[in-house]
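> no sequence on this one, just coordinates:
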C-alpha cells in the first residue's frame with residue numbers, strides 16, 4: 001500500500017505540474033536569464049504549494065478547501081494582478097542588467113513569487129480534491145502516515161518535473177544572445193501578463 005501511495009503521489013505531482021501555464025513560462029524565462037538554479041527554485045515554490053494543497057486533500061481538511069473555494073474571487077484577483085505585475089516587469093527587463101535583477105529578486109524572491117502565485121490559484125485545490133476522490137485516495141484522511149507519504153510524494157513528483165524542465169532549458173542558455181533574450185523577455189512577459197488579465201477578466205464575464 002505504501003508503494004502504491006508513493007507512486008500515486010509522484011504521478012499526481014507530475015501531472016498537475018507538467019501542463020504549461022504562467023509558472024512554466026516564468027520558470028523557463030528565469031532559467032534562460034539567470035541559470036538553472038533560479039528556474040529550479042522557482043519551480044520548487046510551485047511544488048511546495050502543490051504539496052500544501054495535496055495535504056489539504058490527503059488529510060481530509062474539507063473546511064480549509066471549502067474556505068479557499070469560497071474566497072476564490074479574491075484569490076484570483078490577487079494572483080491575476082501579481083501576474084500582470086510580473087509580466088510587465090519581464091517585458092521591461094533588459095538582458096544587460098540581469099546582474100542587478102539577480103540582486104533584487106534573488107533565489108528567495110524567485111521561490112516566494114511562484115509559491116504565492118500557485119497558492120492564489122483556487123483551481124489547484126479543486127484539482128487535487130477531484131483527483132484524490134477519483135483515485136480513491138481520500139480515505140487517507142484517518143491514516144496520518146499514508147497521508148504524509150502521499151503529500152511528500154506529490155512534492156517529489158512536482159519537484160522532479162521542475163528539475164527536468166530547468167535542467168533541459170539551461171542547456172540552451174549559452175546559445176541565447178542578448179537580442180534573443182530581449183525577445184524572450186517580451187514574449188514570455190506578454191504571455192504571463194495575458195494569464196493575469198484572463199484571470200481577472202474571467203471574474204466579470
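That came through fine. These numbers were taken from a predicted model, which means no experiment stands behind them.
> Give me the neighbour count for residue 92.
10 (other Cβ atoms under 10 Å). In short, each C-beta sits where N, CA and C put it, glycine included.
> ugh, wrong one, I meant residue 180
Residue 180: 13 neighbours (other Cβ under 10 Å).
> Residue 169 now?
Neighbours of residue 169 (other Cβ under 10 Å): 18.
> Same check on residue 66?
For residue 66, the neighbour count with other Cβ under 10 Å is 11.
> I'd like to know how far it sits from residue 187.
Going from residue 66 to residue 187 by Cβ to Cβ, to the nearest Å gives 39 Å.
> repeat for residue 36
Going from residue 36 to residue 187 by Cβ to Cβ gives 20 Å.
> More neighbours: these two, which one.
Neighbour tally, residue 36 and residue 187, criterion other Cβ under 10 Å: the higher count belongs to residue 36, 19 against 14.
> Report the contact partners of the more buried one.
By Cβ atoms under 8 Å, 6 or more residues apart in numbering, residue 36 lies in contact with 166, 167, 169, 170, 173.
> Quickly name whichever of those residues is closest to residue 78.
Closest approach to residue 78 among the contacts of residue 36 (Cβ to Cβ): residue 166, at 25.8 Å.
> Now that closest one: which helix or strand?
Applying DSSP states H and E as the criterion places residue 166 in helix 144-170.
> I'd like the contacts of residue 36 as TSV, with distance to residue 31 and pLDDT appended.
Output for the contacts of residue 36, formatted as TSV (distance: Cβ to Cβ, whole Å; pLDDT from 0 to 100):
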residue	distance to residue 31	pLDDT
166	5	93
167	9	92
169	4	92
170	5	91
173	7	85
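> Please list only the buried members of those residues.
When those are checked for burial by 16 or more other Cβ atoms under 10 Å, the buried set is 166, 169, 170.
> about what we covered before: pull the residues that contact the next helix or strand after the helix holding residue 166.
Helices and strands here follow DSSP H and E; after helix 144-170, the next one along the chain is helix 178-201. For helix 178-201, the external contacting residues (Cβ under 8 Å, 6+ apart) are 21-22, 25-26, 28-29, 32-33, 76-77, 79-96, 176.
> Could you rerun that using 6 Å?
22, 25, 29, 32, 76, 80, 83-84, 86-87, 90-91, 93, 95 (Cβ atoms under 6 Å, 6 or more residues apart in numbering).
> Which helix or strand contains the residue nearest the centre of the chain?
Central residue of the chain (Cα atoms, centre = their mean): residue 46, 3.2 Å from the mean position. Using DSSP H and E, residue 46 sits in helix 36-58.
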